[in-house]
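**Student:** Sequence and predicted structure are below.
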Amino acid sequence: MRLVIIGGGILGTAHALAAVRRGHEVVQLEREAEARGATVRNFGLVWVSGRSRGELEFTLRSRQLWEEIGGRVPGVGFRPAGSITLVRTDAELAVAEAAAAAPDAEARGFELLDADRVRARNPALRGKFLAGLHCSTDAAVESRQALPALRAYLAATGRYTFHAGAEARDVADGTVTDDHGRRFEADLVLLCPGAAHGGLTRELVGDLPVRRVRLQMMQTAPLGEPLPTAVADGDSFRYYPAFAGPALDHLNREEAQPFTAARHRMQLLCVQRLHGGLTLGDTHEYDEPFAFDVDEAPYEHLTAVAEELLGRKLPQVVRRWAGVYSQSTDPDALVTRARADDHTWVITGPGGRGMTLGPALGEETAELLGL
């Protein structure tokens with residue numbers, strides 16, 4: 001079978017990988033020279049710890065696929081680093097204790113560590129905290145280098161072709177026409193538009209049950225020492241469904257976030273890149289139109305929290321950016337799939353889970369469509 005995949009982000013590339021692994025031929029189009037959306041504006045985290053109980057099995061499958069991919073494609077930078085969510089108050093500690101005692105704690109790899117054991121596991125954490133919820137199943141990839149590495153792997157099979165700077169303008173009866181006037185014939189067309197909900201996406205399937213979410217992030221110069229695990233703060237409990245329950249209800253009711261964190265719906269996530277720098281974020285903004293510039297207050301908050309947990313000054317911040325991702329508005333949907341015609345599907349809306357779930361979503365689509 002011949003597939004044309006429109007969109008060069010993680011979702012499109014994961015679908016290309018699933019199709020090629022099943023023996024099919026894939027042509028992938030990307031309107032930019034390189035994907036520039038949510039796929040490269042994220043932490044690169046494969047985040048098992050925060051997923052809901054209903055998503056856990058699927059997320060663990062995706063994490064397994066990432067580890068397999070990392071073994072075949074070292075350039076994606078897969079590493080099973082795990083994570084530690086650091087708690088600084090008794091109310092946050094109660095949420096961590098509930099998570100560590102939950103029926104699915106073993107499957108997630110949860111273990112509650114006191115402060116001394118946190119520092120033994122991650123010596124770079126020399127700051128102020130009571131304890132940490134360790135998750136051994138969390139992992140990371142290098143978001144800025146994963147896609148080129150995957151494309152090189154796919155191209156080596158002889159059944160994959162990538163066209164950069166090629167914007168799909170029309171899709172009809174299995175034929176895709178790009179802005180160079182080239183026509184690509186396909187048995188199946190998959191449009192993975194990311195947060196581009198208008199244009200060709202709307203022409204094909206109308207308005208989808210998705211919304212866009214904006215975030216702000218930053219990256220530092222090299223830390224100068226290893227940060228062996230990813231790090232989160234207790235505010236992350238408020239934004240991940242895995243931690244829902246009486247303890248979280250108590251935290252939200254009795255312990256407000258700081259003004260800036262609440263206003264920007266913030267959590268601290270921090271992961272060390274292979275070059276030694278730290279990627280830190282993030283914020284959540286849902287009301288459009290989004291600003292075209294970034295707000296400095298969230299960066300000041302992230303810096304203060306990170307320095308309190310690390311017990312040291314952050315290295316110089318060398319990059320700041322904003323990103324926008326697509327999120328399904330159905331809370332039970334991992335992704336939105338919409339059929340446009342007999343040959344064409346639109347797939348978008350994994351939310352902030354695109355990097356985490358990409359391989360499993362590609363595999364699931366292949367199974368659903370009988371590839």
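**Tutor:** Great, that's in hand.

**Student:** quick one, helices of the stretch 151-300 of the chain?
**Tutor:** Using DSSP state H, counting those that start in this stretch, the helices of the stretch 151-300 of the chain run over 200-205, 246-254, 259-263, 296-310.

**Student:** need the strands for the stretch 1-150 of the chain, in chain order.
**Tutor:** Remark: strands assigned in the stretch 1-150 of the chain by DSSP state E, counting those that start in this stretch are 2-6, 25-30, 45-46, 83-87, 110-114, 131-135, 139-140.

**Student:** I'd like to know which of these lies nearest to Y153.
**Tutor:** Nearest of the strands of the stretch 1-150 of the chain to Y153, taken as C-beta to C-beta: strand 25-30 at 12.4 Å. (C-beta placed from N, C-alpha, C; glycine too.)

**Student:** distance between the ends of stretch 283-294?
**Tutor:** End-to-end distance of stretch 283-294 (C-alpha to C-alpha, to the nearest Å): 11 Å.

**Student:** and that stretch, average pLDDT?
**Tutor:** Regarding stretch 283-294, the rounded mean pLDDT is 96.

**Student:** Kindly report the same for stretch 183-193.
**Tutor:** When pLDDT is averaged along stretch 183-193, the result is 98.

**Student:** hmm, who's touching the top helix by length along the chain?
**Tutor:** Longest helix of the chain, by residue count under DSSP state H: helix 56-72. The contact list for helix 56-72 (C-beta atoms under 8 Å, 6 or more residues apart in numbering) reads 17, 46-48, 51, 76-80, 104, 107-108, 137, 139, 141, 150, 153, 242, 334, 353, 356-361, 363-364.

**Student:** Same check on stretch 360-371?
**Tutor:** The contact list for stretch 360-371 (C-beta under 8 Å, 6+ apart) reads 1, 11, 14-19, 22, 24, 58-59, 61-62, 65, 188, 190, 334-335, 337, 345, 347, 350.

**Student:** how does it look with 6 Å?
**Tutor:** A14, H15, L17, A18, A19, R22, F58, R61, S62, L65, V335 (C-beta atoms under 6 Å, 6 or more residues apart in numbering).

**Student:** Adding mean neighbour count, write the helices of the stretch 151-300 of the chain out as JSON lines.
**Tutor:** As requested, the helices of the stretch 151-300 of the chain are arranged in JSON lines below (neighbours: other C-beta atoms under 10 Å):
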{"stretch": "helix 200-205", "mean neighbour count": "18"}
{"stretch": "helix 246-254", "mean neighbour count": "15"}
{"stretch": "helix 259-263", "mean neighbour count": "15"}
{"stretch": "helix 296-310", "mean neighbour count": "19"}
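
**Student:** Mind checking those for the one nearest to T220?
**Tutor:** Nearest to T220, of all these, is helix 296-310, at 8.9 Å by C-beta to C-beta.

**Student:** Could you report the distance from the closest residue to D282 other than its chain neighbours to S62?
**Tutor:** Using C-beta to C-beta, 6 or more residues apart in numbering and skipping residues adjacent in sequence, the residue nearest D282 is L215, 4.4 Å away. Between L215 and S62 the computed distance is 21 Å (C-beta to C-beta, to the nearest Å).

**Student:** Looking at those two, which one has more neighbours?
**Tutor:** Comparing L215 with S62 by other C-beta atoms under 10 Å, the one with more neighbours is S62, at 27 against 22.

**Student:** From G82, how far out is that one?
**Tutor:** S62 is 16 Å from G82, where distance means C-beta to C-beta.

**Student:** do the same with R214
**Tutor:** R214 sits at a distance of 29 Å from G82 (criterion: C-beta to C-beta).

**Student:** State the pLDDT value of L200.
**Tutor:** Here the pLDDT value assigned to L200 is 96.

**Student:** Same question for the one 3 residues further on.
**Tutor:** You'll see E203 listed with a pLDDT of 97.

**Student:** same question, A35
**Tutor:** pLDDT, A35: 89.

**Student:** Would you agree it is in contact with G7?
**Tutor:** No - look at A35 against G7 with C-beta atoms under 6 Å: they stay out of range, at 8.1 Å.

**Student:** which of these two has more neighbours?
**Tutor:** More crowded of A35 and G7, by other C-beta under 10 Å: G7, with 28 against 24.

**Student:** From E307, how far out is G109?
**Tutor:** G109 sits 28 Å away from E307, taking C-beta to C-beta as the criterion.

**Student:** Any idea how far apart the tips of stretch 244-260 sit?
**Tutor:** One end of stretch 244-260 sits 23 Å from the other (C-alpha to C-alpha).

**Student:** Figure out how far it is from the centre of its chain.
**Tutor:** 24 Å (C-alpha atoms, centre = their mean, to the nearest Å).

**Student:** Repeat that for stretch 115-128.
**Tutor:** With C-alpha atoms, centre = their mean, you get 26 Å for stretch 115-128.

**Student:** ok, and what's touching stretch 191-210?
**Tutor:** 6-7, 9, 11-12, 37, 168, 212, 324-326, 328-330, 336, 338, 340, 346-349.

**Student:** Show the buried residues in those residues.
**Tutor:** 6-7, 9, 11-12, 37, 168, 212, 324-326, 328, 336, 338, 340, 346-349 (16 or more other C-beta atoms under 10 Å).

**Student:** can you tell me which of the residues you listed are in helices?
**Tutor:** Members of the buried ones among the contacts of stretch 191-210 lying in helices (criterion: DSSP H): L11, G12.
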